[in-house]
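Asker: Provide a 3D model corresponding to the input given below.
(chains A and B)
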Amino acid sequence: MFENVNFDLRAGEILGVAGLVGSGRTNVAETIYGVTPATGGSISVFGETVEIKTPAEAMGHGMALLTEDRKDTGLFMMLDIQENMQIALLSQDHVKAGFVAESAVSKLCTEMSEALRVKTPGMNERIENLSGGNQQKVLIGRWLLTKPRILILDEPTRGIDVGAKAEIHKLITKLAGEGVAVLMISSEMPEVLGMSDRVMVMHEGHVTGILDRAEADQVSVMRLASN
Amino acid sequence: MANATDVAETNAPARKLPVEANIFLVLIGIAVFFEILGWIVKGDTFLFNPQRLLIMVLQVSIIGLLAIGVTQVIITGGIDLSSGSVLALSAMVAASFAQTSDYTRAVFPMFTDMPFLVPVLAGIAVGALAGFINGSLIAYTAIPPFIATLGMMVTARGLARYYTKGQPISLLSEEYMWLGSGTIPVIIFLMAAFIFHIALRFTRYGKFTYATGANVQAAKVSGINVGRHLIKVYTLAGLLAGLGGVVAAARAGSGQGGMGLAYELDAIAAAVIGGTSLAGGVGRITGTVIGTIILGTMMSGFTFLGIDAYIQDIVKGGIIVAAVVADQYRQRKRAKV
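Answerer: Below is the predicted model of the structure:
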């Protein structure tokens, strides 16, 4: 339910995507990532035109998608932290003759958990016992373990506490600094304006403008978003 | 090392015993119940009879094989209603390749006196094929597992009877019948349980099985080819039903189209009693083994006390419902956290 959405995403930049709810932002992200089948258009990754029909293929091209609704499409509620964190990694690597290289994977997950400062008594804690912010950190950790070159974040800080929010913002900036291309969908104006190198604004399935950091402010973004 | 304040902050409940411990206590409770009733009603021991203990497990070994398969299917959030019928079809096919040449009216006169492995592999292959069809239907037509496996349940039963136009297949080779003799079925059951316990706990297959059942959409986004994975799980469940058929025919000394009638329900019951959640994402083979033995203990207990078979079914039905209610209760408690 979107058309003529054309944009470039550069390595090391944060491209914010603003727009009202229902403007098709999530749809664009899911189509790029192969969750929703595309009816037309093309994607090129690092100069090479690719066809992405499944998330697995997207991951193969170095993409990662942090979904909008972590309860619905992110978390495995009845599983523990490590099981939640390792799953994307396991679909690519660290498996020998079908068996999970448990000690290596466990070490990677523990280190990631510490690096992201996930507050938990242990890696075997059920994820449902964690706060929203910590759950979100585990999901981000899931994707960072796959070492993505293109990171799509859909409402990365929705419904989490201020402390975790600041930590996640810092982390996103750091990743972009390391050369990761970040596409960040957000409904929070301060987040979009404060984090993005450029801001793409959508309205009813169309891109109504791509603003540079200097020209993006509350007024210009809102005007394009409501058109 | 997490520091102490972090631990306190998350306010996590203290580590509880695994679910299996509770189920094991239920098993002990049931056994003690029959032991006490035994002394009161018959003045005899129920438990301290090695012969009876063996039969307790022996009579549910075949159901146990089906239960190991259906446990994995239920963990993915699905259900398999076809295992009893697939067992019958596999038993028929296996028996038809296990006949001796002494029998003048063998199903395949040119395939008599075959080496032991031929009927075994034929039976297992038929089961795996049925499971593969179940899985493919579910993965590619997106029909609910309930319907796909219901179709297979009816079809496989029909095929099992059509195979010989309803005639039993008898006079099987000694070699083949060894599979059903003595403690062999129990050993096969426990070996299968061990293999799939390892598979679920330590392999990628296992991790994907839990992930698929816990949140299918999240599993897809994480790069799991859910359709292909479901085909694997249903194929393995079919393979186990096929193995169950091979053992059942060997134990009975013949293949019959009516074998394993309603076994799929006992298998599902064993899994659910053993703590596998019908909501998906939760379940263990160890629990299913205990659940299977609970069924066997009840059967033996009722027989020991001389209670009518009909009453056994009534009580069994109640226990199945109780197990699901207990699961729902656990889920609700979890949702509140």
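
Asker: Residues of the stretch 101-250 of chain B that sit close to chain A?
Answerer: B:199, B:202-205, B:207-208, B:210-211, B:214-215, B:217-225 (C-beta under 8 Å from any C-beta of the partner chain). Placement of C-beta: from N, CA and C, glycine included.

Asker: Quick one: buried ones out of those residues?
Answerer: B:199, B:203-205, B:207-208, B:210-211, B:214-215, B:218-225 (16 or more other C-beta atoms under 10 Å in any protein chain shown).

Asker: Tell me which of the residues you listed fall in helices.
Answerer: Under the assignment DSSP state H, these contribute B:199, B:204-205, B:207-208, B:210-211, B:214, B:218-221 to helices.

Asker: Make CSV from those residues and add distance to A:Arg70 and pLDDT to it.
Answerer: CSV is the format used below for those (distance: C-beta to C-beta, whole Å; pLDDT from 0 to 100):
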residue, distance to A:Arg70, pLDDT
B:Ala199, 29, 97
B:Arg204, 23, 95
B:Tyr205, 26, 97
B:Lys207, 20, 96
B:Phe208, 20, 97
B:Tyr210, 18, 97
B:Ala211, 15, 97
B:Ala214, 13, 96
B:Ala218, 9, 96
B:Ala219, 14, 96
B:Lys220, 15, 95
B:Val221, 11, 95
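
Asker: Just give me the closest of these to A:Gly132.
Answerer: For those, the residue nearest A:Gly132 by C-beta to C-beta is B:Ala218; the value is 15.8 Å.

Asker: ok, now which ones touch A:Leu116?
Answerer: Neighbour list for A:Leu116: A:137-138, A:140-141, A:144, A:167, A:171 [criterion: C-beta atoms under 8 Å, 6 or more residues apart in numbering or on different chains].

Asker: Pull the number of nearby residues for A:Thr120.
Answerer: 24 (other C-beta atoms under 10 Å in any protein chain shown).

Asker: Surely it and A:Leu130 touch.
Answerer: Yes. If you go by C-beta atoms under 8 Å, A:Thr120 and A:Leu130 touch, sitting 6.1 Å apart.

Asker: Scan chain A for its longest helix.
Answerer: Assigned via DSSP H, chain A shows its longest helix as helix A:162-177.

Asker: Just the CA trace of that one, in PDB.
Answerer: The C-alpha atoms that make up helix A:162-177 are tabulated as PDB, following Å, rounded to 0.1, in the frame of the first residue of the first chain:
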ATOM      1  CA  VAL A 162      13.800   6.900  29.700                       C
ATOM      2  CA  GLY A 163      17.100   5.400  30.800                       C
ATOM      3  CA  ALA A 164      16.900   2.500  28.300                       C
ATOM      4  CA  LYS A 165      15.800   4.900  25.600                       C
ATOM      5  CA  ALA A 166      18.900   7.100  26.000                       C
ATOM      6  CA  GLU A 167      21.100   4.000  25.900                       C
ATOM      7  CA  ILE A 168      19.500   2.800  22.700                       C
ATOM      8  CA  HIS A 169      19.900   6.200  21.100                       C
ATOM      9  CA  LYS A 170      23.600   6.200  22.000                       C
ATOM     10  CA  LEU A 171      24.000   2.700  20.600                       C
ATOM     11  CA  ILE A 172      22.300   3.600  17.300                       C
ATOM     12  CA  THR A 173      24.600   6.600  16.900                       C
ATOM     13  CA  LYS A 174      27.600   4.400  17.700                       C
ATOM     14  CA  LEU A 175      26.600   1.800  15.100                       C
ATOM     15  CA  ALA A 176      26.200   4.400  12.400                       C
ATOM     16  CA  GLY A 177      29.600   5.700  13.300                       C
END
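
Asker: State the number of residues packed around the closest residue to B:Phe46 other than its chain neighbours.
Answerer: Distance criterion C-beta to C-beta, 6 or more residues apart in numbering or on different chains; nearest residue to B:Phe46, sequence neighbours excluded, is B:Gly38 at 3.9 Å. Residues near B:Gly38, counting by other C-beta under 10 Å, number 19.

Asker: again with the one 10 residues further on
Answerer: Taking other C-beta under 10 Å as the criterion, the count of residues near B:Phe48 is 10.
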